[in-house]
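Novice: Kindly generate the corresponding structure for this input.
(chains A and B)
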Amino acid sequence: MPIQLLDRDVASKIAAGEVIERPASVVKELVENAIDAGAGQIEVEIARGGLDLIRVTDDASGIPENELELAVMRHATSKLRSVRDLESIGTLGFRGEALASIAAVARMTIVSRVADSEGGHYVIAADNEIVERGTQGAPFGTTVYVRDLFKNVPARLSFLRSPAAEATRCVNVLTQYALAHPDVALRVIVDGRLAFHSPGSGDASHVLLEMWGPDTVSGMLPIQPTTMGGTTVTGYTSEPGTTRPRRTGQILFINGRLVEARILYYAIADAYRDIVQRGRYPLVVLFLSVPSDEVDVNVHPTKAEVRLRREGEVIATIQRAIRRTLAANGIVAAPATAGQVGAFAAPPIPSAPLDAEVQLEAPPLFDERHSRESGDLGPDSATKHGDSEGKRSEFTLRPVGQVGLTYIVAEGPDGMYLIDQHAAHERVVFDQLLAERREKGATSQGLLTPATVQLTARQLDAIAPLSDLLSSYGFEWEPFGDDAILLRAMPASLKESEVSQAFLEVLDEHSGSEIDEVALKGQAVPAGSSDSVAQESIGGSDSIIASGADAVDMRERRIAATIACHSTVRAGQTLSLAEMESLLTLFRDANFPRLCPHGRPTMVHLSSAQLERQFARR
Amino acid sequence: MKFSVLQENLQRGLATVMPAVATRTTMPITTHVMLQTDESRLRLTATNLELSISCWISASVETQGSVAIPARLFSDYVSSLQRDRVDLELDTGTRQLNIISGRFNTHMSGLDADDFPPTPVADDGINAEVPPDVLRAGIDRVIIAAATEDSRPVLTGVHTSIEGDSITMAAADGFRLAVQTTRLPQEVSEGVDLIIPARSLRELNRMLTEQEMPVRVTVNQAKTQVQFHLSNIVLGSQLIQGNFPNYRQLIPESSNTQTSVEVADFLRATKTAAVFAREGNGIVRLYMTPGENEMAGTMRLEARSDQIGDHEGVIDANIGGEEAHIAFNHRYLEDVLGVLNSTATLEVSGPSSPGTIRPATTDDGTDYVHVVMPMFVQW
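Specialist: All right, here's what the predicted structure looks like:
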């Protein structure tokens, strides 16, 4: 086949494919247009997953008759004039492709009436051609009907999921816009039924309530607005108990634009490290405001991916905002002073957040020297044993008994608590080990008779690189023949009977785990982020992600977790009430950490209200 | 079976055997106590299979017989009766025990005594006599070092060796060792090495307070069972099989610093420091400073906790050798000082070598040594 220029129709369909992937893309483009046009009310109707009909009606300024046809042309937009405008895009859309792309893959009708016009005008476009135009009665604003979507692109059609699934995607997109624009009243009708509506009250929490319902929203905390440099973070973040198995509940907006940015998801995960179970994702709605010349949204046609000029700063701001919010709600202990190094050492601002104050206090934290001294142990210092004078210190749990020799049943100020005795104890010891080791090196107890530990070649190889870490945790040993060592001392917290086992487990976890290590590194420091952070020396002690020493940190924590595991009461162990009480006291002093070092929950709470409901007392 | 006993005798007998009643068990009958007439006495027996205790009380027996009765219920019931004669009669058909005390008439269901685990007999092997105070002193001083975890079973026992005219008891966990040797009034014909569960010895110790006659210790030929014969009581215990570590080599032969202190002072200072040590992994630091110009030396004890504060206490000590420091877990110090009196000597050779504690003066033929591993800390 000779090379030839694509026929205009084919070319536009290919281009449209980049923007219009599925019905939800149409919805997104049309709603963005409506919002950009200044709509106060938007109604969206979807029939058969959007394949039969997508209707978007707004009450915005409308499109004058003479611009209607132009609107359907590719690269026709009212939002951009010159290349320079691209540098500072304040509107959601700007490429001038939306309507043209839709017109390429569907039959589209636009009806619009501007303020001073007698009536409405309409155009009908199909296959990129205007097939009909005229006038008709219409309310002020614009209505776009999209019918027969992808009818002429069967390949695309075959990739779509069921109408119900596509409709759900549309609704999801719409709810996210509703969140970003709580001042816009949005009604969504799916197959004739009202599927979602946001009141347009200007309060994002009302939208959240509509989206997730009161049960979920009761687990959401308003984020204390946090500003660092040019970045401001507001929004909502969940208590550690309110999570989802997928990231679907993490919604990020940068300057009002819904974005996906892996690096920012990592920042969120990191802020919740050790308080949310592995494999669970907290619900987070973040509104980031970044100077518009510092984001590049022109990366991808759907504009979902953005590039940030000061990624480190954005990450640090997000993490600080979340941590401060969690601290203010007593979920993690508030760092004592800004001067005390360690992660998230934001000044304790219990109530009214004063951005000015944060900025005043912030600079010393970003001092490189300072952050290096911190030892970069991350958010743990925030949950460190005993440094909380927080509101929970008075909160005591009274043990009632034990279930299955595994869970302690306790009564607390608000109902019943079930505590996994092993997980809770493990977490307490884990935190103590980390804190102790950081301060003065973990304590070591000499063994009366050294324990002989037989090692495999693999385990032997693992010793050398770990030797400093192992001794800093209190292991002392010497070689004993070719394939064994003599353990002379062990971490003081460890059970003597489990010393060899713990030692071997530490070695096993780290032998031949280069792949693992790389994986950890890859996860912790996504490409490019560490450089940008280092250059700007932002993040520093605030972000483990940005610390770059994360792999080492993970290793330290894993060793501590293994030691803790072998230092603690087991499931299946009978505890006396006195033993339970002392365990609960330790647990309280550690400020009730939610997760064990392996990411399992430590505590289940059944509130008085839940109990009353269960017993039909109310 | 029909017999009469005095309430207080029955109550005391039950209290004696109760510690051997099984608490958590898959064998319901081990939660029972067996009543068995033995000529003109009543024998009460309880066992959890590891430990068994039998106790004889005087009774006026009309017809012989036996039955197993729920131990907790029976004991609670008997202790609520008034101090009077109690008449008991078993209906062998229904295995109902009819108990009459004054105008109280009670029926209690029992189980067939034939199903009760037989008490092992240990009289075909070694036979030795040990004065009760020798046993008590030994148990008191060594049992503190026995391991409480089951992971190395031999360490949950007390190594007891009777040889010639002396008995040596030793116990160790991973961090400390206690050895007591005492002379016996008479030589035994055949030496023996046993590992007796510390739990059993703890129960034995309780009964020894009322014992005046020498205790006869018997072991079966297979060396699986030991029995301690007291007046009217026999305590039987399984023996732990295995090799006890060769502990002699763990006792340091020499030291660089010898500190002798009043046990009461040392214990009080340790307990005070422990208040702070408990919060910080149990570390108590000891600094021994020899005196100058014939002045007594001092021992300084330090403990600190980041959360609650720190403490420093100084006591007088006679110190031989060089200045020294060492750190111990406060619990280990408290345990050993708690079983000593008058003056004790602490010998150390460095912060990472084991320390030994001994009574400064020893009775004739009695020797006690306690070895404790230090904690390795930053100095």
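
Novice: Just the residues contacting stretch B:315-324, thanks.
Specialist: For stretch B:315-324, the surrounding residues in contact (Cβ atoms under 8 Å, 6 or more residues apart in numbering or on different chains) are B:255-262, B:265-266, B:269, B:287-291, B:296-299, B:301, B:348, B:350-351. The C-beta positions use only the backbone N, C-alpha and C, and glycine is treated the same way.

Novice: Tell me the spacing between A:Phe430 and chain B.
Specialist: In this view, A:Phe430 and chain B are 14 Å apart by Cβ to the nearest Cβ, to the nearest Å.

Novice: again, but for A:Asn172
Specialist: Between A:Asn172 and chain B the computed distance is 48 Å (Cβ to the nearest Cβ).

Novice: So which of the contacts of stretch B:315-324 are in strands?
Specialist: In strands, judged by DSSP state E, the following of the contacts of stretch B:315-324 are found: B:257-262, B:287-289, B:297-299, B:301, B:348.

Novice: related to what we said a few turns ago, buried among the contacts of stretch B:315-324? Make that a ChimeraX selection.
Specialist: This is how ChimeraX selects the buried members of those, with burial counted by 16 or more other Cβ atoms under 10 Å in any protein chain shown:
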select /B:255,257,258,259,260,261,262,265,266,269,287,288,289,290,297,298,299,301,348,351
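
Novice: re earlier: which single one of the ones in strands among the contacts of stretch B:315-324 is nearest to chain A?
Specialist: Among the ones in strands among the contacts of stretch B:315-324, B:Val348 lies closest to chain A (Cβ to the nearest Cβ), at 12.2 Å.

Novice: tell me the contacts of the closest one?
Specialist: For B:Val348, the residues meeting the contact criterion (Cβ under 8 Å, 6+ apart) are B:Ser255, B:Asn256, B:Thr257, B:Thr259, B:Met288, B:Ala324, B:Ile326, B:Gly355, B:Thr356, B:Pro374.

Novice: Apart from its chain neighbours, what residue comes closest to the last one?
Specialist: Nearest-residue entry for B:Pro374: B:Ile326, 4.9 Å, with adjacent residues in sequence omitted and distances by Cβ to Cβ, 6 or more residues apart in numbering or on different chains.

Novice: Identify the bridge partners of that neighbour.
Specialist: Counting by DSSP bridges, B:Ile326 is bridged to B:Leu286.

Novice: quick one: it and B:Ile357 touch, right?
Specialist: No: counting by Cβ atoms under 8 Å, B:Ile326 sits too far from B:Ile357 to count as a contact (11.6 Å).

Novice: Look at stretch A:187-206 and report the distance between its end residues.
Specialist: Terminal residues of stretch A:187-206 are spaced 14 Å apart (Cα to Cα, to the nearest Å).

Novice: what do you get for stretch A:213-227?
Specialist: Start-to-end span of stretch A:213-227 (Cα to Cα) is 30 Å.

Novice: to the chain's geometric centre, what's the distance from it?
Specialist: In terms of Cα atoms, centre = their mean, to the nearest Å, the centre of stretch A:213-227 is found 13 Å from the chain centre.

Novice: Mind listing what's buried along it?
Specialist: Buried residues in stretch A:213-227, counting neighbours by 16+ other Cβ under 10 Å, are found at A:Thr216, A:Val217, A:Gly219, A:Met220, A:Leu221, A:Pro222, A:Ile223, A:Gln224, A:Pro225, A:Thr226, A:Thr227.

Novice: again, but for stretch B:9-25
Specialist: The neighbour-count criterion (16+ other Cβ under 10 Å) identifies B:Asn9, B:Leu10, B:Gln11, B:Gly13, B:Leu14, B:Thr16, B:Val17, B:Met18, B:Pro19, B:Ala20, B:Val21, B:Ala22 as the buried residues of stretch B:9-25.

Novice: Name the residue of the stretch 151-300 of chain A that lies nearest to chain B.
Specialist: In the stretch 151-300 of chain A, the residue that lies nearest chain B is A:Asp274 (20.7 Å; Cβ to the nearest Cβ).

Novice: tell me the secondary structure for that residue?
Specialist: coil (DSSP: H, G, I helix; E, B strand; the rest coil).

Novice: How about the residues of the stretch 201-350 of chain B by chain A?
Specialist: B:Pro245, B:Leu250, B:Gly280, B:Asn281, B:Gly282, B:Ile283, B:Asp306, B:Gln307, B:Asn329 (Cβ under 8 Å from any Cβ of the partner chain).

Novice: which of those residues has the weakest pLDDT?
Specialist: The member of those with the lowest pLDDT is B:Gly280, at 69.

Novice: Just give the nearest non-adjacent residue to the residue nearest the centre of chain B, would you?
Specialist: Centroid check for chain B by Cα atoms, centre = their mean gives B:Arg202 as the closest residue, at 2.6 Å. Nearest residue to B:Arg202 in three dimensions, chain neighbours excluded: B:Ile143, at 6.3 Å (Cβ to Cβ, 6+ apart).

Novice: now B:Glu312
Specialist: Among residues not flanking B:Glu312 along the chain, B:Glu302 sits closest, at 5.1 Å (Cβ to Cβ, 6+ apart).

Novice: same deal with A:Gln445?
Specialist: A:Gln445 sits nearest to A:Ala492 (Cβ to Cβ, 6+ apart), 4.4 Å away.

Novice: Does that neighbour touch B:His330 like I think?
Specialist: No: applying Cβ under 8 Å as the test, A:Ala492 and B:His330 come out as separate, 11.8 Å apart.

Novice: hang on, the earlier thing: show me which of the contacts of B:Val348 is closest to B:Thr26.
Specialist: Lowest distance from B:Thr26 to those (Cβ to Cβ) belongs to B:Pro374, with 43.3 Å.

Novice: The closest one: neighbouring residues, count only.
Specialist: When neighbours are defined as other Cβ atoms under 10 Å in any protein chain shown, B:Pro374 has 26 of them.
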